[in-house]
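Colleague: Requesting a structural model of the entry that follows:
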Amino acid sequence: MTLLSIKSEVWVYSLITLGTEMLSSFFSFY
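Modeller: Residues are numbered from 1 along each chain as shown. Next up, the predicted model:
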């Protein structure tokens, strides 16, 4: 169960990092 929670946490963290990078690149584009 802990492995699953850790996996989901890493997934959410990577998703947030990817989203912020996309947002920053989107704003720097304009």
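Colleague: Could you list the low-confidence segments of this protein?
Modeller: 1, 30 (pLDDT under 70).
Colleague: could you pull out the helices for it?
Modeller: For the chain, the helices defined by DSSP state H occupy 2-29.
Colleague: Compute the number of surrounding residues for residue 8.
Modeller: Neighbours of residue 8 under the rule other CB atoms under 10 Å: 10. In short, each C-beta sits where N, CA and C put it, glycine included.
Colleague: So it versus residue 25, what's the distance?
Modeller: As judged by CB to CB, to the nearest Å, residue 8 and residue 25 stand 26 Å apart.
Colleague: Equivalent analysis for residue 4, please.
Modeller: From residue 4 over to residue 25 the distance is 32 Å, taken as CB to CB.
Colleague: do residue 17 as well
Modeller: Computed with CB to CB, the distance linking residue 17 and residue 25 is 13 Å.
Colleague: ok, now residue 2?
Modeller: Going from residue 2 to residue 25 by CB to CB gives 35 Å.
Colleague: Give the residue from these two that has the larger number of neighbours.
Modeller: A count of neighbours by other CB under 10 Å puts residue 25 above the other of residue 2 and residue 25, at 9 against 6.
Colleague: got the contact list for the more buried one?
Modeller: Residues near residue 25 by CB atoms under 8 Å, 6 or more residues apart in numbering: none.
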